[in-house]
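**Q** would you be able to build a 3D model of this:
(one chain, ligands or ions: 2)
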Amino acid sequence: MERLFDLFHQNPELFIGILESINDAIYITDQEGTTLWINTVSETMFCLPRSVIIGRNVRDLEREGVYKPSVIRKALEEGKNVSVVQEVAEGRRYIATGHLVKNKEGRVIAAVAHSRDITEVVKNATKLQEIEELLDKYSTYIRKLANVRENRKGVEYINFGWKSNSRVTANKIIEKIAAVDTMSLIVGETGSGKSLTAERIHSLSKRRTGPFVEINSASIPDSLLESELFGYEKGSFTGATSKGKPGLIKAAEGGTLFLDEIGEIPLHLQAKILHFLQSKTYLPIGAREPQHADVRIIAATNRDLENMVTEGTFRSDLFYRMNVLTVKMPALRESRNDIEDLAIYYLNLFNDKYNKKKHFSDGVVKTFLQYDWPGNVRELENLIERLVILSEDELIEDKDLPQKMMKQNITSSVPYHSNKATMPEILEEMEKKMIIDAIEKGNSTRKAAKFLGVTQSLLMRRIRKYNIQLVVEESKTFVK
Ligand SMILES: Nc1ncnc2c1ncn2[C@@H]1O[C@H](COP(=O)(O)OP(=O)(O)OP(=O)(O)O)[C@@H](O)[C@H]1O
Ligand SMILES: [Mg+2]
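**A** Ligands and ions are numbered 1, 2, ... in the order given. You can find the predicted model right below:
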């Protein structure tokens, strides 16, 4: 200590050198608050040279807005060390602490403030808060999507005397799956009734009085999927301010969680789902203690999971666990024996609904039986609703059907039998047909682009090129 004093005495620059070496702003006043010295960091902080500040009282500088508030004034007034958030030039924010320097008798002889820039910290905290608000917004939106089925009340699962073997078998399996309480998988093409079947399994199962919660993995960004499913703990995202939120798995307590489009779930979440299936416990984001949930999971996909396992995009252990109880919803073209009954069922339904007396010509029924139905039952149902509403006469004839149904045979024969068409014309015709099929299958141009493996903008250009007329009803897109 003595040596240090000697050194300071012989070498006053040493004292200044030390204060200048500190990264914080240092501000020294006497016991009245008159500025004795500031370091270079302070000059930068106030955007003012030392010469303007030294000799002036903190109260005057505070009044002039050089800083707001003066932490030294506060410390002197309160007779103790004080910390504040201080605003200086250009709205930058500093956390400032005022210290009182006392002599042996305890009398204040000087005051020192040091301040640290927290503008970036504040900015980051604000950014995090914004992110959390966004997350909240997404979450509400996703939950709305999850409940969308609530609004679809009225769509009854049809289960009359099916004639095709594939449908009879599927129904038997569905009943067996409903009677047990294990994870099950529903596979099948789009529109074949997977989502409806998941609801049916739930409503036939012993969990029928519990909630049925649905989450569509394809419609939620990967980064949000985990927090939606498993929830997050208080403080996981923005430190102390974050509220925490239970996941959908919690919302499904005592009931069924329907994971639609499970093929879209990223690998790391597949592991978490597998863990849940094995232990019935899961870890919300940011949590230390695993939580328990009594939930049955039903998953659905229109993708070839076995193929995905081979490619390495789907975990084999999860696949084998899910594959124990699988039901395949038949495509309509694989259950042609049921097409006519289904068509008549929907015709009666929509005749009643719209107070009409439409009926089909023999030709129409024949076309129905031959057509491929890429959009399956959904396509049939939508088509018949439109025909009931739009056809001019009571008799619905081939001329009322969409072009693509009539064209199916023509296009497949074009390459060999037409001597008029050139190859580019044939290719264009086929391209057009593929686009129309994909839109019918996907019910949206986004999904259609995905099926076709092209960008949505390319698809839109082609739709314009071929003058394909689209109709959007209740957020579904059809080809006119
Ligand atoms: N067995 C059925 N009984 C009644 N309606 C059915 C049946 N199967 C399918 N549908 C009809 O087809 C529509 C599509 O069914 P659903 O949404 O369950 O298909 P999906 O296989 O889940 O399709 P996606 O793969 O596009 O999600 C339903 O809105 C429903 O009206
Ligand atoms: Mg579905």
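**Q** in stretch 197-210, what counts as buried?
**A** For stretch 197-210, a neighbour-count test (16 or more other Cβ atoms under 10 Å) marks 197-202, 205, 207, 210 as buried. In this view, the C-beta of every residue, glycine as well, is placed from N, C-alpha and C.
**Q** buried stuff in stretch 162-179?
**A** Residues 162, 164, 166-168, 170-171, 173-174, 177-178 are the ones in stretch 162-179 that count as buried (16+ other Cβ under 10 Å).
**Q** tell me the residues of the stretch 51-200 of the chain that contact ligand 1?
**A** Residues of the stretch 51-200 of the chain that fall close to ligand 1, judged by Cβ under 6 Å from any ligand atom: 155, 157-158, 188, 190-196.
**Q** of these, buried ones?
**A** 158, 188, 190-196.
**Q** right, and residue 374 touches residue 437 too?
**A** Yes. Applying Cβ atoms under 8 Å, one finds residue 374 in contact with residue 437, separated by 4.8 Å.
**Q** for the residue of the stretch 101-250 of the chain found nearest ligand 1, give me its contacts.
**A** Minimum separation of the stretch 101-250 of the chain from ligand 1 (Cβ to the nearest ligand atom) falls at residue 193, amounting to 2.6 Å. Remark: with contacts taken as Cβ atoms under 8 Å, 6 or more residues apart in numbering, residue 193 is in contact with 157, 329, 376-377.
**Q** report the buried members of those.
**A** Among the contacts of residue 193, those classed as buried by 16+ other Cβ under 10 Å are 329, 376-377.
**Q** which ones among the residues you listed map onto strands?
**A** When strands are assigned by DSSP state E, the members of the buried ones among the contacts of residue 193 inside them are residue 329.
**Q** which of the buried ones among the contacts of residue 193 lies closest to residue 449?
**A** For those, the residue nearest residue 449 by Cβ to Cβ is residue 376; the value is 19.8 Å.
**Q** I'd like the next helix or strand past the helix or strand harbouring residue 134.
**A** Element membership for residue 134, per DSSP states H and E: helix 119-146. Once the chain leaves helix 119-146, the next helix or strand it forms, by DSSP H and E, is helix 165-179.
**Q** chain center to that next one: distance?
**A** 33 Å (Cα atoms, centre = their mean, to the nearest Å).
**Q** check stretch 54-70 too.
**A** On the basis of Cα atoms, centre = their mean, stretch 54-70 sits 50 Å off its chain's mean C-alpha point.
**Q** what distance separates the start and the end of it?
**A** Distance across stretch 54-70, first residue to last, is 15 Å (Cα to Cα, to the nearest Å).
**Q** which of the residues in that stretch are buried?
**A** For stretch 54-70, the neighbour count (16+ other Cβ under 10 Å) marks 57-59, 61-62, 66-67, 70 as buried.
**Q** what's the closest of these to residue 246?
**A** Nearest to residue 246 among the buried residues of stretch 54-70, counting by Cβ to Cβ, is residue 67 at 45.1 Å.
**Q** what about the strands in the stretch 351-480 of the chain?
**A** Ranges of strands in the stretch 351-480 of the chain, per DSSP state E, counting those that start in this stretch, are 359-360, 395-396, 470-473, 476-479.
**Q** so which of these comes closest to ligand 1?
**A** strand 476-479 (10.0 Å).
**Q** strands paired with that closest one, and their directions?
**A** When sheet partners are counted by DSSP bridges, strand 476-479 sits next to strand 470-473 (antiparallel).
**Q** ok, residues contacting the partner strand?
**A** Applying Cβ under 8 Å, 6+ apart, the set of residues contacting strand 470-473 from outside is 439, 445, 463, 477-480.
**Q** show me the beta-bridge partners of the residue lying closest to residue 245 once chain neighbours are set aside.
**A** Spatially, and ignoring its direct neighbours in sequence, residue 245 is nearest to residue 231 (5.3 Å; Cβ to Cβ, 6 or more residues apart in numbering). The residues listed as beta-bridge partners of residue 231 by DSSP bridges are residue 246.
**Q** and residue 99, by the same measure?
**A** Beta-bridge partners for residue 99, by DSSP bridges, are residue 112.
**Q** burial of it, as a residue count?
**A** When neighbours are counted by other Cβ atoms under 10 Å, residue 99 registers 16.
**Q** so who does it touch?
**A** By Cβ under 8 Å, 6+ apart, residue 99 lies in contact with 75, 81, 111-114.
**Q** quick one: pLDDT of the residue of the chain found nearest ligand 2?
**A** Closest approach of the chain to ligand 2 (Cβ to the ion) occurs at residue 195, with a separation of 3.3 Å. Predicted confidence (pLDDT) for residue 195: 92.
**Q** other SSEs contacting the helix or strand where it lies?
**A** Residue 195 belongs to helix 194-204 when assigned by DSSP H and E. Secondary-structure packing of helix 194-204 (3 or more Cβ pairs under 8 Å, 6 or more residues apart in numbering; DSSP states H and E): helix 165-179, strand 184-188, strand 212-216, strand 256-260, strand 296-301, strand 326-329.
**Q** these: which one's closest to residue 100?
**A** Minimum separation from residue 100 across the helices and strands packed on helix 194-204 (Cβ to Cβ) falls at strand 212-216, 59.1 Å.
**Q** just flag the most distant two among the contacts of strand 470-473.
**A** The most widely separated members of the contacts of strand 470-473, counting by Cβ to Cβ, are 445 and 480 (13.8 Å).
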